[in-house]
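In: Provide a 3D model corresponding to the input given below.
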Amino acid sequence: MKILISGSSGLIGHQLTVDLEWDGHEIVALPRTFPVPIDFSGVDAVVHLAGESIATGRWTAEKKRKIQDSRIKGTAQLAKQIALSENKPAVLVCASAIGYYGHREDEKLDESSGTGTGFLPEVCKEWEDATRTAEEAGIRTVHLRTGIVLSDAGGALQKMIPPFKWGGGGILGIGNQYMSWISLDDEVAIIRYLIDNQNISGPVNLVSPNPVTNKEFTKVLGKVLKRPSLLPLPAFAVRLLFGEMGDALLLSSTRVYPRKLLQSGYEFKHPKLEPALRSILS
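Out: Okay, here's the model as predicted:
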């Protein structure tokens, strides 16, 4: 296949590109600022992963604007170009996030659950809505509601490891908040699965079927690294250090299940946390 990928230099995009090229597919990397117009000749699929990082820097007004614009405006522009193209791809696979659901404590969430309240849920809803022109043009569109992607090459896990190795790992807040996670291997495999599976469209939760609390995650990571996890970071300290971003990404609880993937027959490479971490960190 010929596949256009935006965000191909990011953690997910890079690994996806490597895997697809290994299997003989032709990859065209879309730059962060899309050309006008994009040539879709011979393109079978578009995977749109580009967007301003939500996990770096405090959420100032300027940072929030960049997060919104990079996702909503960029997606809307891409969807419009696909809709107007004479050579339309068969599928648009567009990044989204479990931030769609917001803070929901221990409520069990799947793709049928409604959006939450706050900045991230609002951004995610508008982000998904921005693909509407492509959907109305008959393009099968999939929204990747991705959880915390675990990899030693980047992302949240890479940032967690040094404090644990120094003996400073511990729970965040009271540790009861749910963390819905997925291995990078599964993330990439699922994106490929969704490109190929013509029966799946709309939102899809890219998370392991076994979410854990922050307390459980901390205990397992400490066990795998053979390091103590005794130094908690109280909620007030998280908010002091990270502001609104700390509340939304570190203290909020989002207990998400991959209902669509399980019903479709997808088999996870890493369904449980401890074997996943051992594989990633081996």
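In: secondary structure element holding residue 127?
Out: Secondary structure assignment for residue 127, by DSSP states H and E: helix 119-129.
In: please identify the buried residues of that helix?
Out: By 16 or more other Cβ atoms under 10 Å, the buried positions in helix 119-129 come out as 119, 120, 121, 122, 123, 124, 125, 127, 128. For the C-beta atoms, the positions are set from N, CA and C on the backbone; glycine is no exception.
In: what are the ranges of the helices in the stretch 51-200 of the chain?
Out: Taking DSSP state H, counting those that start in this stretch to define them, one finds helices in the stretch 51-200 of the chain at 61-68, 74-84, 119-129, 132-136, 155-165, 184-196.
In: related to what we said a few turns ago, which of the buried residues of helix 119-129 lies closest to residue 170?
Out: Distance from residue 170 was checked for each of these by Cβ to Cβ. The minimum falls on residue 120, at 24.7 Å.
In: make sure that closest one is actually in contact with residue 102.
Out: Yes: using Cβ atoms under 8 Å, residue 120 and residue 102 qualify as a contacting pair, with a distance of 6.6 Å.
In: who's in contact with residue 123?
Out: The neighbours of residue 123, taking Cβ atoms under 8 Å, 6 or more residues apart in numbering as the test, are 67, 68, 71, 72, 99.
In: please redo it, this time with the cut-off set to 6 Å
Out: Contact partners of residue 123, counting by Cβ atoms under 6 Å, 6 or more residues apart in numbering, are residue 68.
In: any idea of the pLDDT on it?
Out: Per-residue confidence at residue 123 stands at 95 (pLDDT).
In: hang on, residue 144 packs against residue 97?
Out: No: with contact defined as Cβ atoms under 6 Å, residue 144 does not count as touching residue 97 (8.1 Å).
In: reformat the helices of the stretch 51-200 of the chain as a markdown table; add distance to residue 30.
Out: What follows is those, written out as a markdown table (distance: least, Cβ to Cβ, whole Å):
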| stretch | distance to residue 30 |
| --- | --- |
| helix 61-68 | 18 |
| helix 74-84 | 8 |
| helix 119-129 | 17 |
| helix 132-136 | 15 |
| helix 155-165 | 21 |
| helix 184-196 | 15 |
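In: lowest-confidence stretch among those helices?
Out: helix 155-165 (a mean of 83).
In: what helices or strands is that helix leaning on?
Out: Of the remaining helices and strands, those touching helix 155-165 by 3 or more Cβ pairs under 6 Å, 6 or more residues apart in numbering; DSSP states H and E are strand 148-150.
In: the strand it packs on - what's its average pLDDT?
Out: The predicted model assigns strand 148-150 a mean pLDDT of 95.
In: got it, and stretch 216-229?
Out: Rounded to a whole number, the mean pLDDT of stretch 216-229 is 90.
In: starting at the chain centroid, how far to stretch 175-184?
Out: Taking Cα atoms, centre = their mean, to the nearest Å, one finds the center of stretch 175-184 at 12 Å from the center of the full chain.
In: can I get the CA coordinates of it in CSV?
Out: Once non-C-alpha atoms are left out, stretch 175-184 reads as follows in CSV (Å, rounded to 0.1, in the frame of the first residue of the first chain):
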residue,chain,number,x,y,z
GLY,A,175,-2.9,6.8,43.8
ASN,A,176,-6.5,5.7,43.2
GLN,A,177,-6.7,7.3,39.8
TYR,A,178,-7.0,4.8,36.9
MET,A,179,-4.3,4.7,34.2
SER,A,180,-5.4,3.3,30.9
TRP,A,181,-2.2,2.2,29.1
ILE,A,182,-1.1,0.4,26.0
SER,A,183,2.3,-0.9,24.8
LEU,A,184,3.9,0.8,21.8
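In: what sits up against it?
Out: When contacts are taken as Cβ under 6 Å, 6+ apart, the neighbours of stretch 175-184 outside the stretch itself are 15, 98, 147-151, 206-208, 211-215, 217, 251, 253-256, 270, 276.
In: next: stretch 189-198.
Out: Contacts made with stretch 189-198 from outside it, assessed by Cβ under 6 Å, 6+ apart, are listed as 16, 45, 93, 142, 200, 206, 266.
In: name the nearest of the residues you listed relative to residue 240.
Out: Looking at the contacts of stretch 189-198 and their distance to residue 240, the nearest is residue 206, at 31.6 Å (Cβ to Cβ).
In: for the closest one, give me its contacts.
Out: Counting by Cβ under 6 Å, 6+ apart, residue 206 makes contact with 144, 146, 182, 187, 190.
In: cutoff 7 Å now
Out: Residues counted as contacts of residue 206 (Cβ atoms under 7 Å, 6 or more residues apart in numbering) are 144, 145, 146, 147, 182, 187, 190, 258.
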